[in-house]
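A.B. asks: I need the structure of the sequence given here:
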Amino acid sequence: MTEVPSPSAPLSGPGGDAPPGRPRVVVSWSSGKDSAFALGELLRGGAVDVVGLLTTITETFSRVSMHGVRESILEAQAKAVGLPLYKVQIPFPCPNAVYEARMAEVTRRLREESVTHVAFGDLFLQEIRAYREEKMRSSGLAPLFPIWGRPTRALAQEMIDQGLEATLVCVDPRKIPGTLAGRRFDRRLLEDLPADADPCGENGEFHTCVTSAPFFAHPLRVRPGPVVARDGFVFADLELE
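C.D. replies: Next up, the predicted model:
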């Protein structure tokens with residue numbers, strides 16, 4: 001189910017004024033394959049004007065929250081895509097009140113820049129979508145879900161077929177073998193996943209870091225770093241060459 005507004009829809013910007021042209025959208029960018037594929041769909045569709053990437057950074061470690069990807073790699077991704085980064089800097093640990101205050105600062109800035117929507121790479125978890133929709137209501141921005149409801153096995157194959165390259169950087173060993181951390185997201189990986197694992201990792205089986213995509217100006221040159229177990233997860237570090 002693709003939910004992209006019509007370019008002619010009367011969307012309201014700051015102060016209730018309709019921004020000219022297509023709706024201005026930022027993509028919630030996790031550094032992984034799902035947000036990358038969602039961005040690609042929006043760019044191909046042309047119904048919206050994608051103007052930036054929105055990412056939560058754990059400032060204590062200078063890494064993308066949850067995925068553990070280095071901030072330097074995140075910045076290299078944004079440069080390869082050719083879009084500015086909007087960073088939500090949070091501490092570790094992060095009280096919910098602090099997270100919401102930091103997010104409110106960034107969404108206020110987005111509204112000032114006539115951004116109207118935030119696009120997410122969510123696939124089928126209804127509770128996650130409901131959470132996004134609730135938080136977006138209070139932000140003054142509207143959510144988009146460009147790849148919602150796509151069958152994940154076919155979607156995983158389509159990602160690979162389109163040339164999206166990604167590495168598993170965070171694995172939940174309670175759901176899939178921890179030894180898969182550091183593996184490339186490819187057909188062989190899909191074959192090696194347990195039968196009950198989602199091919200896109202939508203149930204939290206794994207998170208990825210994208211190093212190449214059709215809309216990247218160039219692939220990222222990275223080398224593998226250490227693989228460590230921490231807080232119940234297995235993380236495979238990547239470093240820029």
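A.B. asks: give me phi/psi at the closest residue to residue 204 other than its chain neighbours?
C.D. replies: For residue 204, ignoring the flanking residues on the chain, the nearest one in space by CB to CB, 6 or more residues apart in numbering is residue 172 at 5.5 Å. To be clear about C-beta, it is placed using only N, CA and C from the backbone, and glycine gets the same treatment. Main-chain torsions, residue 172, degrees, to the nearest 10: phi -90, psi 100.
A.B. asks: send the alpha carbons of stretch 128-147 over as PDB?
C.D. replies: What follows is stretch 128-147, C-alpha atoms only, in PDB (Å, rounded to 0.1, in the frame of the first residue of the first chain):
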ATOM      1  CA  ILE A 128       4.700   0.900  15.100                       C
ATOM      2  CA  ARG A 129       2.700   2.700  12.400                       C
ATOM      3  CA  ALA A 130       0.100   3.800  15.000                       C
ATOM      4  CA  TYR A 131       2.900   5.100  17.200                       C
ATOM      5  CA  ARG A 132       4.300   7.100  14.200                       C
ATOM      6  CA  GLU A 133       0.900   8.500  13.400                       C
ATOM      7  CA  GLU A 134       0.300   9.600  17.000                       C
ATOM      8  CA  LYS A 135       3.600  11.400  17.300                       C
ATOM      9  CA  MET A 136       3.300  13.000  13.900                       C
ATOM     10  CA  ARG A 137      -0.100  14.500  14.900                       C
ATOM     11  CA  SER A 138       1.500  16.500  17.600                       C
ATOM     12  CA  SER A 139       4.400  17.500  15.400                       C
ATOM     13  CA  GLY A 140       2.400  19.300  12.800                       C
ATOM     14  CA  LEU A 141       3.800  17.000  10.100                       C
ATOM     15  CA  ALA A 142       2.000  14.100   8.300                       C
ATOM     16  CA  PRO A 143       3.400  10.600   8.000                       C
ATOM     17  CA  LEU A 144       4.000   8.700   4.700                       C
ATOM     18  CA  PHE A 145       4.500   4.900   4.400                       C
ATOM     19  CA  PRO A 146       5.700   4.400   0.800                       C
ATOM     20  CA  ILE A 147       6.400   0.600   1.100                       C
END
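A.B. asks: list the residues that contact residue 167.
C.D. replies: By CB atoms under 8 Å, 6 or more residues apart in numbering, the contact set of residue 167 is 182, 183, 184, 185, 208, 209, 211, 222, 236, 238.
A.B. asks: for residue 116, see how far away it is.
C.D. replies: The spacing between residue 167 and residue 116, counted by CB to CB, to the nearest Å, is 33 Å.
A.B. asks: ok, now residue 189?
C.D. replies: Note on residue 189: its distance to residue 116, by CB to CB, is 37 Å.
A.B. asks: rewinding a little: now restrict the contacts of residue 167 to buried residues only.
C.D. replies: 182, 183, 185, 208, 209, 211, 222, 236, 238 (16 or more other CB atoms under 10 Å).
A.B. asks: who touches stretch 44-52?
C.D. replies: Taking CB under 8 Å, 6+ apart as the rule, stretch 44-52 contacts 2, 4-7, 21-27, 39, 42-43, 83-86, 110, 113, 115, 117, 119, 144, 146.
A.B. asks: and it, which residues are buried?
C.D. replies: Counting neighbours by 16+ other CB under 10 Å, one finds that the buried residues in stretch 44-52 are 47, 48, 49, 50, 51, 52.
A.B. asks: mind listing what's buried along the host helix or strand of residue 132?
C.D. replies: If you go by DSSP states H and E, residue 132 is part of helix 126-139. If you call a residue buried by 16+ other CB under 10 Å, then helix 126-139 has these buried ones: 129, 132, 135, 136, 139.
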